[in-house]
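Student: Need coordinates for the below:
(2 chains)
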Protein chains: 2
Amino acid sequence: MPELITLDDIDDLAVGSAFLGTGGGGDPYVGSLLCKEAVAAFGPVQLISLDELPDDSSVFIVGAIGAPTVLTEKLFSVDEAHCAVEALETLLNRKATAIISAEIGGLNSVMPVAYAAMRGLPLIDADGMGRAFPSINMTTFNVYGVSCTPMAIGDEHGNVALFKTADAKTAEDLARPLVAAMGASASLSCYPMTGEQAKHSALPSTVSAAIAIGAAIRSGDRAIPAVDRLVQTLASLPYYSHAYRLFDGKIVDISRDTSRGWVFGKCIIQSLDGPSVAEIGFQNENIAVRVDGVLKAIVPDLVCIVDRETAQPIPTEKLRYGQRVAVIGCSASDLLRTPESLACMGPAAFGEIAEYVEIERLNQVEA
Amino acid sequence: MPELITLDDIDDLAVGSAFLGTGGGGDPYVGSLLCKEAVAAFGPVQLISLDELPDDSSVFIVGAIGAPTVLTEKLFSVDEAHCAVEALETLLNRKATAIISAEIGGLNSVMPVAYAAMRGLPLIDADGMGRAFPSINMTTFNVYGVSCTPMAIGDEHGNVALFKTADAKTAEDLARPLVAAMGASASLSCYPMTGEQAKHSALPSTVSAAIAIGAAIRSGDRAIPAVDRLVQTLASLPYYSHAYRLFDGKIVDISRDTSRGWVFGKCIIQSLDGPSVAEIGFQNENIAVRVDGVLKAIVPDLVCIVDRETAQPIPTEKLRYGQRVAVIGCSASDLLRTPESLACMGPAAFGEIAEYVEIERLNQVEA
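Tutor: Numbering: from 1, shown residues only, chains lettered A, B, ... in the order given. Modelled structure (predicted):
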């Protein structure tokens, strides 16, 4: 784990986060520009492990909420993010002493770096998903006992709404139409927690994992092709170690529907050297991949579409007809595979009829 | 002005409020049941004039927000209302010392009585509209300098959202989709103000006016027909004194569209003894009446449809083909007729092309 996130780490973090975003979470490229600007202005960000975090820390989340298609077109500012956090700090009458990411996938992994730089606060090497998910309630914070509310949602005009709801799913249901009214993009602070709560509910080491994944993808001009290097690196990391190159091919069909604040769709990939076809469904993030109708990976395990040559992750909004891609699947943290977690963010939460089966079982090589 | 609102006043208040609701604001009948229950349980409510209100009072609004069609089907509770007010009291760190109605028209005139009874607080004989309007920003509080936010919106499950927005129109724009997500009906507290602010922005004596109007309608079995008695009573009241029986006839067409949290529509009334036709457009409330194409009254002046025999006001959601009705128009407070008020709640705010002309000018008898 690096002790500081410097300017040099931000591109790797952005690329690694795009991979862990499994197609969603908002393309972190735009966010990485904001992040570089903040780190250049305020200095590097201290990265601390969950172990180092004092139990009585006051941990705040900062993030973006909305449709990825809009999030990537609109440049966020740390001031806008601060508007949400500050409203929550005022309500709770306590100041943040550390920042944590809600999700390590996509835009929400770089936003907190920029914000932590501006506030001069440490960033915790952990998050609440170990990937990206489309809903506020789909976090290990929620599953393992941290209240989602009070939650603050703010827009670029300084308008803020503070929510107190019965549960995280209700917070999601009430926030989503508000976010749509704010232009399908807003800043968010939720799950305010103590250091002790973070230790019991967060997924450790995901920020450093994202940086390592990004570095693997970016060091592609070697003897080992970039996609293979990526799979090797995943295999060496704690959660993502069951990693597979599931399919190679060309995109032959892509459909998207942006409605109710999300992007729903489907991508069909045809093999380059045979009749095989892979089908990937998404709701902001990729949900499942089937090859010739056979399930190869399903949420909460990760399904990522990357460029076949460079291994650069391709977010759903950038999938195009004719692209040559590889489909990478890897395991999620065991904390996402418990019955409690699966009830919250397993296949059924995305309208999938299939039961969850671990990616390593789906891809077992028969003896 | 009565010094107390007792059980005996509530039916009159409800009927008078239905009239001042000009078709919208939610049928106060359901609210009047809640109100009677609260007054029976907690005792009568002290009614105080704006003059009697100490400058340093802490004045809170309590009300309902949503589509009238839903509001009348869902029984509110004072607990639900308290949830919104309490969230605002906690945020502001001060307790209400007096309650005021946002609008004297419809449900929002009886809800505050029930709530004031429960809290043992005085109700101010005043409101922010002198009628009903479909939007939170359409109040004299807004026009004459009171901030709409912080504002609290709560539902029957105890979920609450607190808003801080740049202006009242933004509060309205952001609250409306949230209310839709809460089931098109929620409780509301906004425009928290001091006694001094209330004196500068509220319309005095509207609660007692509603009770007087209700009493006039209910004392119908006399020598004077109920509709005439109603017009006479209006003529004796401060704001509503330019009062006219504008049309008599039978409803021959009625259309309604419940969308975006409001009820839009049009009602056509045919004369009983001639070819004349009156057309009334509404957005929750009646906006304008034209007789044979000639404008007879337009918002913010009041346009009310009442039963031709009993003078009972008929809310838009209860208008039916074949009903025999009279159309009553009367003047709004001068505070609603200023350029600032007309910019906020004049004809243009409802998509009307016609300029505002005072009802007394539109119905001038030529010499």
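Student: What segments of the stretch 1-150 of chain A are helices?
Tutor: Secondary structure of the stretch 1-150 of chain A (DSSP state H, counting those that start in this stretch): helices at A:7-20, A:28-42, A:68-71, A:78-92, A:107-119, A:140-143.
Student: Now the first one: average pLDDT?
Tutor: Per-residue pLDDT values over helix A:7-20 give a mean of 96.
Student: Send me it as PDB with only the CA atoms.
Tutor: Extracted as PDB, the C-alpha positions of helix A:7-20 are listed here (Å, rounded to 0.1, in the frame of the first residue of the first chain):
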ATOM      1  CA  LEU A   7       0.000  13.000  -8.900                       C
ATOM      2  CA  ASP A   8       1.700   9.900 -10.400                       C
ATOM      3  CA  ASP A   9      -0.800   7.500  -8.900                       C
ATOM      4  CA  ILE A  10      -4.000   9.200 -10.200                       C
ATOM      5  CA  ASP A  11      -3.900   7.800 -13.800                       C
ATOM      6  CA  ASP A  12      -3.500   4.300 -12.400                       C
ATOM      7  CA  LEU A  13      -6.200   4.800  -9.800                       C
ATOM      8  CA  ALA A  14      -8.500   6.100 -12.600                       C
ATOM      9  CA  VAL A  15      -7.900   3.200 -14.900                       C
ATOM     10  CA  GLY A  16      -8.100   0.600 -12.100                       C
ATOM     11  CA  SER A  17     -11.300   2.100 -10.900                       C
ATOM     12  CA  ALA A  18     -12.700   2.000 -14.400                       C
ATOM     13  CA  PHE A  19     -12.000  -1.700 -14.500                       C
ATOM     14  CA  LEU A  20     -13.500  -2.300 -11.000                       C
END
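Student: Could you tell me which residues of chain A lie near chain B?
Tutor: Near chain B, the residues belonging to chain A are A:87, A:91, A:157-166, A:170, A:173-174, A:176-178, A:180-182 when assessed by C-beta under 8 Å from any C-beta of the partner chain. Where C-beta positions appear, they are placed from N, C-alpha and C, glycine not excepted.
Student: Could you list the buried residues of stretch A:308-318?
Tutor: For stretch A:308-318, the neighbour count (16 or more other C-beta atoms under 10 Å in any protein chain shown) marks A:Arg308, A:Ala311, A:Gln312, A:Pro313, A:Ile314, A:Pro315, A:Thr316, A:Glu317 as buried.
Student: Likewise for stretch A:178-193?
Tutor: In terms of neighbour count (16+ other C-beta under 10 Å), stretch A:178-193 has its buried residues at A:178-182, A:184-193.
Student: So how do I select the buried members of the residues of chain A next to chain B in ChimeraX?
Tutor: Command for ChimeraX that selects the buried part of those, burial taken from 16+ other C-beta under 10 Å:
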select /A:87,91,159,160,161,162,163,164,165,170,173,174,176,177,178,180,181,182
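Student: pLDDT score for the closest residue to A:Gly120 other than its chain neighbours?
Tutor: The shortest distance from A:Gly120 to any non-neighbouring residue, by C-beta to C-beta, 6 or more residues apart in numbering or on different chains, is to A:Phe42 (6.8 Å). A:Phe42 is assigned a predicted lDDT (pLDDT) of 96.
Student: ok, A:Phe42 touching A:Val113?
Tutor: No: counting by C-beta atoms under 8 Å, A:Phe42 stays clear of A:Val113, with 10.6 Å between them.
Student: ok, back up a step: contact partners for the residue nearest to A:Gly120?
Tutor: Shown in contact with A:Phe42 (C-beta atoms under 8 Å, 6 or more residues apart in numbering or on different chains): A:Ala117, A:Met118, A:Gly120.
Student: residues contacting the closest residue to A:Cys304 other than its chain neighbours?
Tutor: In this structure, A:Cys304 finds its nearest non-sequential neighbour in A:Ile328, 4.7 Å apart by C-beta to C-beta, 6+ apart. Under the criterion of C-beta under 8 Å, 6+ apart, the neighbours of A:Ile328 are A:19, A:227, A:230-231, A:234, A:243-246, A:302-306.
Student: how many neighbours does the residue lying closest to A:Ile5 once chain neighbours are set aside have?
Tutor: If you skip the residues right next to it in sequence, A:Ile5 has A:Val45 as its closest partner in space, 4.5 Å away by C-beta to C-beta, 6+ apart. Using other C-beta atoms under 10 Å in any protein chain shown, the number of residues around A:Val45 comes to 28.
Student: Kindly report the same for the one 3 residues further on.
Tutor: A:Ile48: 18 surrounding residues under other C-beta under 10 Å.
Student: what's the answer for A:Ala117, then?
Tutor: A count of nearby residues for A:Ala117, using other C-beta under 10 Å, gives 25.
Student: what's the answer for the one 5 residues further on, then?
Tutor: For A:Pro122, the count of nearby residues is 20 (other C-beta under 10 Å).
Student: Make sure it is actually in contact with A:Ile100.
Tutor: No: look at A:Pro122 against A:Ile100 with C-beta under 8 Å: they stay out of range, at 9.8 Å.
Student: any idea how far chain B is from the residue nearest to A:Ile5?
Tutor: Distance, A:Val45 to chain B, using C-beta to the nearest C-beta, to the nearest Å: 29 Å.
Student: what's the pLDDT at that residue?
Tutor: On the pLDDT scale, A:Val45 is placed at 97.
Student: Next, the nearest residue to A:Tyr356 once chain neighbours are set aside: phi, psi?
Tutor: Once flanking residues are discounted, A:Tyr356 sits nearest to A:Gly346: 4.9 Å by C-beta to C-beta, 6+ apart. As for A:Gly346, its main-chain torsions (degrees, to the nearest 10) stand at phi -90, psi -170.
Student: My guess is A:Gly346 contacts A:Ile287. True?
Tutor: No: under the contact definition of C-beta under 8 Å, A:Gly346 does not touch A:Ile287, with a separation of 10.5 Å.
Student: Thank you kindly, that will do.
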